[in-house]
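[1] predicted coordinates and the sequence they were generated for:
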Amino acid sequence: MSLQQDSSVDPLQRCPGLSPAGAALLKRMRELPCAPIYRNQSGHRLGAGEVAAVRAHAAALAHASIEPRAAHAAWLPEFFQRVRERVPAQHVRDADPTCFESWPTTCRADFAADIAAHVPDDLPLDRLINFRTTGTSGHPLLLPSHPVVAARYLGYHQRAFRRFGIELTAGRGAVGVVLIGWQERCFTYTSVSPYRDECGLAKINLHPADWRDPAHRGAYLDALAPEVIAGDPLSFAELLQIPCTHRPRVLLSTSMQLLPGLRRALAARFACPIADIYSMNEAGPIAVADSDLGGHVLLQPEMVVEILDPDGRPLPEGERGEITLSGGFNDYLPLLRYRTGDHASLVRREGEWLLLGLEGRQPVRFRRSDGRWINNIDVTHALRDWPLAQFALHQHADGSFDLGIQSAAALDHAQLQACLLQVLGDQARLRIASVAPQSGKLWQYRCDLPA
Amino acid sequence: MDIEGPPLALLTARIADTPVDFLPASGAAGEGTVAVAVDAVLHDLCAMRGFEVPAATFAALSAQGKAAPAWRRLSLLLAWLLAEPALRWPQRVDAVLELLLSRAEELSAQVKSAQWLADEERREELARLALLSLGQRPAGESVVQARDRWQAISSTERARLVAASRSAEQRAREIREALARKAAEESADKWSRE
């Protein structure tokens, strides 16, 4: 992560059109006595026309219907043709352009090999920005984007919040969102969101090293009183340890799987809905967890979702396979049959399209002590009620297991062991250890045994 | 080019009228495969013209062979073209084999399969290439005319490829530089992180 200062010192460059009220809010957020040590500067960098366009985009999203099936997506043929013609990595491919479902897929490795070839060749580059991602493979990757694309995220979040009956109201002078991190080093800044009447945005690091006094953390959150707190399971686990009285209207969890135990602890503490979003830098917010429907509800109207088998063939509705995406809202990285590495099945329930049984990465099989094989989903299921921020299960070549856990609360390891041995087998050798939090996604499941 | 061959129009028309059997769709094995035993077709073509070529010659183009789908498609298209009755084959089969194997492989990496049929200039290039490989020139053209036209048509393609490649390299460099310059965290706000 780059921790360099933004080169432009002038807030009007970072936040064009900044009003006196917006400037006052920025000053207040940075200068409160309990404010953290802000390390960086940032801004939306949107012109007035772009702000209007972002608002219009969010408004159109509010009631747009979702149709993830390729055969029924009216916009797909034109998109497919445009990407074939304008994206260098696609127009050199020798395949049948009349058949979307036989077109070669792409994956993260293709982006890693040559990301420039995936940017349409008719887009200006002067305002190109990057999102840095490490993924589970640990290989950093710079993905192309644009300030307008970054601003579009909010429309998808609002669509997710509406499922819980939440309409955002924070406007001028109020703080819309505080993004919380919990990392050794973290990019931190304050800004305003012009498409929501310059409500405030603060990105802070809950790690004590970023505060003059760690006790300021709760006081600062109370002082800002954000309408939304956004974070990941790691930072939310830390938030649970911090005394603060403010209750946001909604919590937004992204980046990693939020296990039900931690979700319940957050709900009990903050008494507000928790929007658990399945998202990735390559595609933005894809789906939001809905416990009533038992899966993740799709959020992007212009996104085709295919479920593919290991040979790349589309699977019928309801069958489990690799989530593969086409479309999206990042003009600088249009996805064409992008294999995410995540697995689920796609079904329709009560008129909504859902990803069921969402699991990151390839399914991993583990060998029980009685020799039977189980799937990693069984392990996820066994751990679902434990308040874990993160965990990783590794089966070694000798059949023994290591479970690394990261939890806000002190856990009874003996009980956890007994719970897990129910799926790993009574005689399984299992070691459990608390581990330091990983800042990115991690290999949640690994097995060194030959398949 | 010493020998006068059939009229160019006859060959380009034959390419344009290629039967669907010689324009295979993707095979059952999935995207990018060709569902025709190209090696067997080429073997039969040579046999039809009186050359007994060892089966292993076309092994690369067999179902299990290493040939890319575009190469298979172009070799199949050339087989149809070379089967034209008005096209005389030389005494030795070497030149035909070179055309079907190495030249086809090289060209298939430069031009998309569909263009050989869809683009008039590419049809002409293919017809002239076949004649050239057989040591012939189109009927009605002098050796100089045939050579000039061949150089024009193939160099046009080459120049286009070079220019496109230069422009693509420049664009890719600009994208990489722009990406390295601006981290999103420094220049845009998102309401969440991944």
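    That came through fine. Numbers count the residues shown, from 1 in each chain, chains lettered A, B, ... in the order given.
[2] show me what from the stretch 201-350 of chain A comes close to chain B.
    Proximity of the stretch 201-350 of chain A to chain B is confined to A:201, A:228, A:230, A:232, A:252, A:254-255, A:277, A:279-281, A:285, A:311-313 under the rule CB under 8 Å from any CB of the partner chain. Where you see a C-beta, it was placed from the backbone N, CA and C, and this is true even at glycine.
[3] mind checking which of the residues you listed are buried?
    Using 16 or more other CB atoms under 10 Å in any protein chain shown as the burial test, these include A:201, A:228, A:230, A:232, A:252, A:254-255, A:277, A:279-281, A:285, A:312 as buried.
[4] can you tell me how far residue B:133 is from residue A:17?
    Residue B:133 sits 67 Å away from residue A:17, taking CB to CB, to the nearest Å as the criterion.
[5] for residue A:273, same thing?
    Distance from residue A:273 to residue A:17, counting by CB to CB: 32 Å.
[6] ok, those two, which is more surrounded?
    Shown here are residue A:273 and residue A:17; by other CB atoms under 10 Å in any protein chain shown, residue A:273 has more neighbours (18 against 14).
[7] re the thing from before, would you reformat the buried ones among the residues of the stretch 201-350 of chain A next to chain B as a markdown table and include distance to residue A:428?
    Output for those, formatted as a markdown table (distance: CB to CB, whole Å):
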| residue | distance to residue A:428 |
| --- | --- |
| A:201 | 47 |
| A:228 | 42 |
| A:230 | 38 |
| A:232 | 30 |
| A:252 | 37 |
| A:254 | 33 |
| A:255 | 30 |
| A:277 | 34 |
| A:279 | 34 |
| A:280 | 33 |
| A:281 | 36 |
| A:285 | 38 |
| A:312 | 35 |
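[8] where does chain B dip in pLDDT?
    For chain B, the stretches flagged by pLDDT under 70 are B:25-35, B:155-157, B:159-160, B:183-187, B:194.
[9] do a quick rundown of the strands in it.
    Secondary structure of chain B (DSSP state E): strands located at B:3-4, B:136-137.
[10] closest one to residue A:368 among those strands?
    Of all these, it is strand B:136-137 that lies closest to residue A:368, at 72.1 Å by CB to CB.
[11] who does that closest one pair up with?
    strand B:3-4 (parallel) (DSSP bridges).
[12] got a list of contacts for the strand it pairs with?
    Contacts with strand B:3-4, where a contact means CB atoms under 8 Å, 6 or more residues apart in numbering or on different chains, come from B:88, B:134-139.
[13] quick one: it to chain centroid distance?
    With CA atoms, centre = their mean, to the nearest Å as the basis, strand B:3-4 stands 24 Å off its chain's centre.
[14] what's the answer for stretch A:394-401, then?
    With CA atoms, centre = their mean, you get 30 Å for stretch A:394-401.
[15] can you measure across that stretch, start residue to end residue?
    6 Å (CA to CA, to the nearest Å).
[16] contacts for stretch A:189-198, please.
    Contacts for stretch A:189-198 (CB under 8 Å, 6+ apart): A:6, A:14-15, A:17-19, A:21-22, A:25-26, A:29-30, A:38-44, A:46, A:51, A:54-55, A:58, A:151, A:154, A:168, A:170-172, A:176-177, A:199-203, B:185, B:189, B:191.
[17] filter those to the buried ones?
    A:6, A:14-15, A:18, A:22, A:25-26, A:29, A:38-44, A:46, A:51, A:54-55, A:58, A:151, A:154, A:168, A:170, A:176-177, A:199-203, B:185, B:189, B:191.
[18] ok, residue 114 - contacts?
    In the absence of a named chain, this looks at chain A. Listed by CB under 8 Å, 6+ apart, the contact partners of residue A:114 are A:89, B:172.
[19] if you could check chain B rather than the one you did, that'd help
    Listed by CB under 8 Å, 6+ apart, the contact set of residue B:114 reads residue A:97.
[20] from residue B:179, how far off is it?
    33 Å.
[21] go on, residue A:416?
    From residue A:416 over to residue B:179 (counting by CB to CB), the distance is 43 Å.
[22] look at those two and report which has more neighbours.
    Between residue A:416 and residue B:179, residue B:179 has the larger neighbour count (other CB under 10 Å), namely 23 against 20.
[23] list the contacts for that one?
    Contacts of residue B:179 by CB under 8 Å, 6+ apart are A:115-116, A:128, A:130, A:142, A:144.
[24] list buried residues within those residues.
    The neighbour-count criterion (16+ other CB under 10 Å) marks A:115-116, A:128, A:130, A:142, A:144 among the contacts of residue B:179 as buried.
[25] so residue B:68 sits against residue B:108, correct?
    Yes: when contacts are counted by CB atoms under 8 Å, residue B:68 is listed as touching residue B:108 (6.7 Å).
[26] between those two, which one's more packed in?
    More neighbours surround residue B:108 than the other of residue B:68 and residue B:108, with 22 against 16 (other CB under 10 Å).
[27] contacts only, for the more buried one.
    Residues in contact with residue B:108 (CB under 8 Å, 6+ apart) are A:94, B:68, B:70-71, B:73-74.
[28] in TSV: the residues you listed, plus distance to residue B:143.
    Shown next, in TSV, are the contacts of residue B:108 (distance: CB to CB, whole Å):
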residue	distance to residue B:143
A:94	35
B:68	35
B:70	32
B:71	31
B:73	32
B:74	27
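[29] out of those residues, which sit inside helices?
    Within the contacts of residue B:108, residues falling in helices by DSSP state H are B:70-71, B:73-74.
[30] now the lengthiest helix in chain B: buried residues?
    Longest helix in chain B by number of residues (criterion: DSSP H): helix B:143-181. By neighbour count with 16+ other CB under 10 Å, helix B:143-181 contains the buried residues B:146, B:149-150, B:153, B:157, B:171-172, B:175, B:178-179.
[31] for these, which two are the farthest from each other?
    Of all pairs drawn from the buried residues of helix B:143-181, the greatest distance, 49.1 Å, lies between B:146 and B:179 (CB to CB).
[32] and the contacts of residue B:108, which are buried?
    Using 16+ other CB under 10 Å as the burial test, these include A:94, B:68, B:70-71, B:73-74 as buried.
[33] between those, which is closest to residue B:21?
    Nearest to residue B:21 among these, counting by CB to CB, is residue B:73 at 12.5 Å.
[34] hmm, that closest one is touching residue B:18, no?
    No: if you go by CB under 8 Å, residue B:73 and residue B:18 don't touch, sitting 10.6 Å apart.
[35] show me what the closest residue in space to residue A:174 that isn't next to it in sequence is bridged to.
    In space, and not counting its chain neighbours, residue A:174 is closest to residue A:199: 5.2 Å by CB to CB, 6 or more residues apart in numbering or on different chains. Note on residue A:199: beta-bridge partners residue A:193, judged by DSSP bridges.
[36] could you measure from residue A:199 over to residue A:350?
    Distance, residue A:199 to residue A:350, using CB to CB: 33 Å.
[37] just residue A:44 next, same as before
    From residue A:44 across to residue A:350, the span is 37 Å (CB to CB).
[38] same check, this time on residue A:387
    Distance of residue A:387 to residue A:350, given as CB to CB: 30 Å.
[39] the more surrounded of the two?
    Comparing residue A:387 with residue A:350 by other CB under 10 Å, the one with more neighbours is residue A:387, at 19 against 9.
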